[in-house]
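> Structure, please.
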Amino acid sequence: MGNSSQKSDERKVALITGSAKNIGRAIALSLSQEQINVVVHYNRSRESAEDVLSEIKRNDVDGLIVQADVTKYEDVERMFKEIYSYFGRLDILVNNVGNFLYKDTLNISVNEWNEIINSNLNSTFYCCKLAVESMMKNKYGRIINIGASSCDKIKAYQYVVPYYVAKTGILILTQSLAIPLVKFNITVNMISPGIVKDNEVTNEDDVKHMPSGRFAKFEDIVNAVKFLISDKSDYITGTNITVSGGWNI
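Next comes the predicted model:
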């Protein structure tokens, strides 16, 4: 999957989970434009992941496709073994995977509850746990977890309970990891988008509720990611940046 003309240790290596489509794809392509080698993760969308890899290589960087169900720890372990075998390191992790469910709390099944918690919270924990192995050794790392606007507030929800339970849990995890890892030059931060245009769950009727008059664009999220992985943010850790144009804050 790699480019033999590119030595893997010349550039930073980034893993973006769920990078075959949507926000993850936009982040992956943007980081490749910054001359960062990119690991494209997918679960079922292999064809889309291959398209992303092709685009990444046009930026003259190396890339790797990895398949994993990140709700399963053994899959995540295998994924990281592949990454370390190929690149020998990981410098940047963006935990982007996280399913969404809009359903009345009383009607949520146990399987639905577990799916949302596993795909959001547990997958983030699994990836963080295995990523810091390389980052602590190299005394460098940037971890960015994707949250949701207003996940930093404890309040009642009728239709998105497991999703916000998971996202608030990710915020607690983010801040808790930030403290012991900062001495290794590893920052752990969170980006919490509002409603994102072109995302699969976008409802066009919701735009009337947006204070900014528009949905977030992929570019808005990407800009926050690029800031948090830059040297300009090396003293920022354990924080949550809300990218929602004033919506749901």
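> and I65, helix, strand or coil?
Under DSSP: H, G, I helix; E, B strand; the rest coil, I65 falls in the strand class.
> Who is it paired with across the strands?
V40 (DSSP bridges).
> Now do the residue of the chain most remote from its centre against M136, distance only.
Distance from the C-alpha centroid of the chain peaks at L106, with 29.5 Å (CA atoms, centre = their mean). Here L106 is placed at a distance of 44 Å from M136 (CB to CB, to the nearest Å). Every C-beta, even on glycine, is put in place using the N, C-alpha and C of the backbone.
> And S192, by the same measure?
26 Å.
> The two: who's more crowded?
The neighbour comparison of S192 against M136 (other CB atoms under 10 Å) goes to S192, with 24 against 16.
> That one pairs with what?
Going by DSSP bridges, S192 is paired in beta bridges with T242.
> isn't it right up against W247?
No. Using CB atoms under 8 Å, S192 is not in contact with W247, being 10.9 Å away.
> hey, what's in contact with both of these two?
S149 (CB atoms under 8 Å, 6 or more residues apart in numbering).
> for the chain, which helix is longest?
Longest helix of the chain, by residue count under DSSP state H: helix 161-181.
> pLDDT on that one, on average?
The predicted model assigns helix 161-181 a mean pLDDT of 98.
> got the buried residues for that helix?
Residues 161-171, 173-175, 177-178, 181 are the ones in helix 161-181 that count as buried (16 or more other CB atoms under 10 Å).
> Show me what it is packed against.
helix 110-117, helix 123-138, strand 141-146, strand 186-193 (3 or more CB pairs under 8 Å, 6 or more residues apart in numbering; DSSP states H and E).
> Show me the one of the ones you listed that comes nearest S19.
strand 141-146 (11.7 Å; CB to CB).
> residues making contact with the closest one?
Contacts for strand 141-146 (CB under 8 Å, 6+ apart): 23, 90-96, 98, 124, 128, 131-132, 134-135, 170-171, 173-174, 177, 181, 184-193, 225, 228-229.
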